[in-house]
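S.K.: Starting from these lines, generate the structure:
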Amino acid sequence: MAADMTAPVQRAAELRRVLEQHNHRYYVLDDPSIPDAEYDLLFRELQALEEQHPELRTPDSPTQRVGGAALKEFAPVLHRLPMQSLNNCFSEEELDEFDRRVREGLGLEAVTYVAEPKLDGLAVSLSYENGVFVQGATRGDGETGEDITANLRTIRALPLALHPAQGQAKPRLLEVRGEVYLPRAGFDRMNAEAAARGDKLYVNPRNAAAGSLRQLDPKMTAARPLALYVYGVGFQQGWTAPRTHAQVLQQLRAWGFPVSPLIEVVQGAAGCLDYYQRMQARRTSLGFDIDGVVYKLDDLAGREELGSVSRAPRWAIAHKFPAEEALTVVENIEFQISRTGALNPVARLRPVFVGGANVSNATLHNLDEVERKDVRIGDTVIVRRAGDVIPEVKGVILERRPEDARKPVVPSHCPVCGAQVERAEGDVNARCSNGMSCPAQLQGALQHFVSRRAMDIEGLGEKLLAQLIERGLVHSPVDIFQLTAEQLAGLERMGEKSAENVVAAIGKSKDSRFERFLYALGIPDVGESTARDLARHFGTLEALIEATQRDPLTETSEAIKPKDRYPELRKVPDVGPIVAAHLCHFFAEPRNREVITALLKAGIRWPPPKTSAGGVLSGKTLVITGTLPRLSREEAGALIEAHGGKVSGSISAKTDYLLAGESAGSKLAKAEKLGVAVIDLAGLRALIGE
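M.R.: Numbers count the residues shown, from 1 in each chain. Have a look, this model is predicted:
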């Protein structure tokens, strides 16, 4: 290094260190140690140095927070570990039930939790390489988010580089999870400034925070008073994590992250409930919005042992505050057509501010609910809205009912296609009889069919499907597989390359899985979990259809009771009489059978089942831990079971194999101690001969 550059390099490094130290004291610790004017002098000195010597400008420089050039779009970011949702509880009884499941799952009489406020903001992931912030993303759908790195850099509370921590080397990779929110004071100031400009006001702090983070121009985000709290670590490499979540939070504080001072370690359900009641009492006095509290098991090894169900961990739960309510008037009741043909009643309301948003529509769920609550046009009603949940009409204030209040009239014909409306005995809703010939049903069914967790056809979004339906190019899911690039290229906002990409995605989707195909069919009440259980139980579509044809009610015997119905279908976990009836009705419809046959002829296929009796893993017990490449734990479990193996959640001397991915944790150590064979994904594929 040239001698004349030594002083600028050293001074720039010193200025970066001092400025970040003052940023941390001001925005994280709320304990500034110098006047703003002095901070501004130091900042301008660093700016001048970097302008004079651009090579001194580093990614973690405080000057980089102000935002660079505007972005054209947000790139997708695949989370190394999924950002899971949380299950909710709303009562003391549900909290006790959660605590019981955790204790029984771990075989303990009492457990320790970490309790924290549930911020009403936007969840983000923050990635650091060798201690330097390199990428930030939204939660998105939990697996893929949006790259908002440039905007996150503008948040002063976010450390652009990890602070040195005594006795702790900086991890090679560290992904921190947190929540970006807008303090109430900042929200009020933004609205006051918007009003002065004559602009539209922001509805609530959460929407304002989300909108601020999704500005294509980072300079716009930099002008917003956003704040951040972090609450945990996702993926990491090169760091020996501590035993408890409380210790993780302590380490995050040491690295310079803002961690809520309201977080507490509590004992059992009683400690959780006490924390909930104290936070609820303080809710209105806090400087930011919260809609509940979150309880997380403190012991990290215990979390690994409990695992997850669906897309939520078994070791954590959100305890929501009571829904916020307001009074307003029902101005009309209209009916919307769902993908299953149901006429869903919707109340059109006199606009009212409730639950942090202006509400003018509310769900009435179904006709049974309308009749049970006796909701009429002109009624004064209680509207309830909690968080992002769709507003609902909770009840009617009968003493305010006007003399001209009118009961809603269920249309005799579909408001979309004009077909006859029918209501079967026992059905909570009337339904359009036109099936997928009804544009509304067709649109909903196709959106479900192509969705990521169904057939996963990338690029076929709501607007493109609407165009295809309007032009008569698609009348059922089968028609999707006949589309050509030439047809698609002629549509609005579809160029040749985009059209080719959609056609390629359609072709790729033909290689599916039985459970995905079942879910894509849109059978009422058959969600992802039920579709997976049906696929595992029956193995083939033919076997499932055959089971639906063995309904004992086809025998006209009064001796058959409801609990005796659908014996074969009800052997499947969580399939009760209602789901079984939907399955029987769906597969009995000739039109549905025709569509299924045509889809299979179009080339949709999935691997044949492998029975446990003859499977190469028959009699073997496997445990899965860590992050597997290109395969979720759920998919790995299905693969093991398809080859006859059993998947267990905990390691024991009877375990035959531990399937370990990255960040394997305590299960790997236990397996090595017990002498259990450890394999990776390649090892599993070798075992099953793939």
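S.K.: How about the contacts made by Ala430?
M.R.: Ala430 sits next to 342-343, 367, 410, 421-423 when contact means Cβ atoms under 8 Å, 6 or more residues apart in numbering. In short, each C-beta sits where N, CA and C put it, glycine included.
S.K.: Please produce a ChimeraX select command covering the buried subset of those.
M.R.: Entered in ChimeraX, the line below selects the buried ones among the contacts of Ala430, by 16 or more other Cβ atoms under 10 Å:
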select :342,343,367,421
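S.K.: Take the contacts of Ala430 and keep only those in strands.
M.R.: 343, 421-422 (DSSP state E).
S.K.: Using JSON lines, lay out these together with distance to Asp404 and pLDDT.
M.R.: As requested, those are exported to JSON lines (distance: Cβ to Cβ, whole Å; pLDDT from 0 to 100):
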{"residue": "Leu343", "distance to Asp404": "24", "pLDDT": "93"}
{"residue": "Val421", "distance to Asp404": "26", "pLDDT": "93"}
{"residue": "Glu422", "distance to Asp404": "30", "pLDDT": "91"}
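S.K.: hang on, the earlier thing: just flag the most distant two among the contacts of Ala430.
M.R.: Spanning the widest gap among these are Leu367 and Glu422, at 12.4 Å by Cβ to Cβ.
S.K.: Show me which strand runs longest in the chain.
M.R.: strand 324-337.
S.K.: give me the low-pLDDT residue ranges for the stretch 101-250 of the chain?
M.R.: For the stretch 101-250 of the chain, applying pLDDT under 70 flags the ranges 166-167.
S.K.: show me where it has strands.
M.R.: 112-119, 122-129, 132-138, 144-146, 173-181, 227-237 (DSSP state E, counting those that start in this stretch).
S.K.: same check, this time on the stretch 351-500 of the chain
M.R.: 357-363, 380-385, 392-396, 421-422, 431-432.
S.K.: Secondary structure element holding the residue nearest to Ala161 when sequence neighbours are not counted?
M.R.: Of all residues not flanking Ala161 in the chain, Asp60 sits nearest, at 4.0 Å (Cβ to Cβ, 6 or more residues apart in numbering). In this structure, Asp60 is located outside every helix and strand according to DSSP states H and E.
S.K.: that older thread, which of the strands of the stretch 351-500 of the chain has the highest mean neighbour count?
M.R.: Mean neighbour count (mean count of other Cβ atoms under 10 Å) peaks for strand 431-432 among the strands of the stretch 351-500 of the chain, with a mean of 24.
S.K.: so how far is that one off the chain centroid?
M.R.: What separates the centre of strand 431-432 from the centre of its chain is 31 Å, taken as Cα atoms, centre = their mean, to the nearest Å.
S.K.: list the helices and strands it packs on?
M.R.: Applying 3 or more Cβ pairs under 8 Å, 6 or more residues apart in numbering; DSSP states H and E, we find strand 431-432 packed against strand 421-422.
S.K.: Pairing partners for the strand it packs on, with directions?
M.R.: strand 431-432 (antiparallel) (DSSP bridges).
S.K.: for the record, mean pLDDT for the strand it pairs with?
M.R.: Here strand 431-432 scores 91 as its mean pLDDT.
S.K.: Mind listing residues that contact it?
M.R.: 337, 340-343, 414, 416-417, 419, 421-424, 438, 440-441.
S.K.: Out of the residues you listed, which one has the weakest pLDDT?
M.R.: Ala424 (79).
S.K.: What about that one, how many residues nearby?
M.R.: When neighbours are defined as other Cβ atoms under 10 Å, Ala424 has 9 of them.
S.K.: Then Ala110?
M.R.: Ala110 has 11 nearby residues by other Cβ under 10 Å.
S.K.: Repeat that for Lys673.
M.R.: Neighbours of Lys673 (other Cβ under 10 Å): 9.
S.K.: any idea which helix or strand comes after the helix or strand hosting it?
M.R.: Lys673 is located in helix 666-674, with elements delineated by DSSP H and E. Downstream of helix 666-674, the first helix or strand assigned by DSSP H and E is strand 677-679.
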